[in-house]
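Undergrad: model the following, please.
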Amino acid sequence: MPILEVENLSVTFRQYASGLKERNIRAISNLSVTLEQGEVLAVVGASGSGKSLLAHAILGILPANAETAGSIKYCGETLTAKRTQSLRGREIALVPQSVGYLDPLMRVGNQVRTAVRNGKPAEEQRKVFKRYKLKSVVEKLFPFELSGGMARRVLLSTAMVSGAKVIIADEPTPGLDPEALNEALLNLRELGDQGCAVMLITHDIDSALRIADKIAVFYAGTTVEIAPAKDFTGDGEHLRHPYSKALWGALPQNGFTPIPGSQPHSAALPPGCLFASRCEKATKECHQAQPDLRELRNGKVRCIHAT
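TA: Purely as a prediction, here's the structure:
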């Protein structure tokens, strides 16, 4: 049984336009993904594809104007608001994208210590700081005194000492020098090898491929493909969805090949396949209904033409 199951998740935001006219913006639609114990799953896609929103939905920290549909299960049981609150920071931990999650009035060493579940808090905090090459003086600093890279390492340290069974790392590596980046990736991989389930949300496919078991590709708020990491190779001939192939081909080492058009805005999603307007294989049927996510070649794909 997967430790975390997200099935047909939709997230809609109520907003008010001019004249207090209400409108609903669907930022995530029919998104499905699973996370196994001992697995590192990388979630990739363009900005606005729903990656960070997925993390916030799992942790129950969406804003008040958000409405959700679908289901999220942890260890086979539905995550209710009450259960999510009891698990957050204990069994499910977040390495957030924004350093604004640090308490501005609390020294960072003490913040990390409050997350320690096993061992002596001060010893564990100093041990993880040493691992991430944060000098001893850093523990006495306030967040505003940290550089961006230092703040990200503090956030990563907090998750590492939590003893959580599921760690969701939302863009944890920007601002890190190559050595610190490599250390952070290896630590996430080590957590997976020790039985923890890791979801790595990132724009950096190259870094993700160094440690991930599977890659989930998001587009316009939904999952278009889930594939073994080994399928991201060569010309992308082992990939299933046209967008995954285009994303792979857009990397500098793969030709830096662009495709026309842009990702649709969440306020104006088309009725059919969300990628159809940019896809060379699109047919009339593609514009009529969003395809289901189906099993194909040891992976999953949301495309009626994928073979």
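Undergrad: ranges for the helices of the stretch 101-250 of the chain?
TA: Assigned by DSSP state H, counting those that start in this stretch, the helices in the stretch 101-250 of the chain fall at 108-113, 121-131, 148-160, 178-193, 205-209, 242-249.
Undergrad: so, low pLDDT: which residues of the stretch 51-200 of the chain?
TA: In the predicted model, the stretch 51-200 of the chain carries no residue with pLDDT under 70.
Undergrad: residue 88: neighbour count?
TA: Residues contacting residue 88 under the criterion other CB atoms under 10 Å number 17. The way it works is simple: take the backbone N, C-alpha and C, and place the C-beta from them, glycine included.
Undergrad: pretty sure it contacts residue 60?
TA: Yes: contact criterion CB atoms under 8 Å: residue 88 and residue 60 qualify, at 6.6 Å.
Undergrad: okay if I get the helices of the stretch 101-250 of the chain as TSV plus mean neighbour count?
TA: Listed next are the helices of the stretch 101-250 of the chain as TSV, based on neighbours: other CB atoms under 10 Å:
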stretch	mean neighbour count
helix 108-113	22
helix 121-131	17
helix 148-160	23
helix 178-193	17
helix 205-209	17
helix 242-249	23
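Undergrad: would you turn those into a markdown table with distance to residue 301?
TA: Output for the helices of the stretch 101-250 of the chain, formatted as a markdown table (distance: least, CB to CB, whole Å):
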| stretch | distance to residue 301 |
| --- | --- |
| helix 108-113 | 41 |
| helix 121-131 | 39 |
| helix 148-160 | 31 |
| helix 178-193 | 24 |
| helix 205-209 | 18 |
| helix 242-249 | 8 |
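Undergrad: of all these, which lies closest to residue 50?
TA: helix 242-249 (13.6 Å; CB to CB).
Undergrad: run through who's touching the closest one.
TA: Identification of contacts with helix 242-249 by CB atoms under 8 Å, 6 or more residues apart in numbering yields 44-45, 205, 217, 219, 224-225, 227, 232, 235-236, 239, 254-255, 257, 259, 275, 278-281, 303.
Undergrad: go with 6 Å
TA: Helix 242-249 has contacts (CB atoms under 6 Å, 6 or more residues apart in numbering) with 217, 219, 224-225, 232, 236, 239, 254-255, 257, 259, 275, 279.
Undergrad: closest to residue 64 among these?
TA: The closest of the contacts of helix 242-249, once distances to residue 64 are taken by CB to CB, is residue 219, at 27.3 Å.
Undergrad: tally of neighbours for the residue nearest to residue 183 when sequence neighbours are not counted?
TA: Closest residue to residue 183 apart from its sequence neighbours, by CB to CB, 6 or more residues apart in numbering: residue 132 at 6.5 Å. Residue 132: 20 surrounding residues under other CB under 10 Å.
Undergrad: do residue 46 as well
TA: 15.
Undergrad: repeat that for residue 257.
TA: Neighbour count for residue 257, taken as other CB under 10 Å: 11.
Undergrad: relative to residue 286, how far out is it?
TA: From residue 257 across to residue 286, the span is 22 Å (CB to CB, to the nearest Å).
Undergrad: again with residue 127
TA: Note on residue 127: its distance to residue 286, by CB to CB, is 53 Å.
Undergrad: returning to that earlier point: what's the closest of the helices of the stretch 101-250 of the chain to residue 76?
TA: Nearest to residue 76 among the helices of the stretch 101-250 of the chain is helix 178-193 (20.4 Å), distances taken as CB to CB.
Undergrad: about what we covered before: surely the residue nearest to residue 183 touches residue 155?
TA: No: judged on CB atoms under 6 Å, residue 132 makes no contact with residue 155 at a distance of 10.4 Å.
Undergrad: pull the contacting residues for residue 112.
TA: 125, 157, 158.
Undergrad: just put the residues you listed in a markdown table and tack on distance to residue 180.
TA: Output for the contacts of residue 112, formatted as a markdown table (distance: CB to CB, whole Å):
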| residue | distance to residue 180 |
| --- | --- |
| 125 | 18 |
| 157 | 12 |
| 158 | 16 |
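Undergrad: and these, which is closest to residue 264?
TA: The closest of these to residue 264 turns out to be residue 158 (CB to CB; 35.8 Å).
Undergrad: on that earlier part again, of the helices of the stretch 101-250 of the chain, which is nearest residue 18?
TA: Nearest of those to residue 18, taken as CB to CB: helix 242-249 at 34.2 Å.
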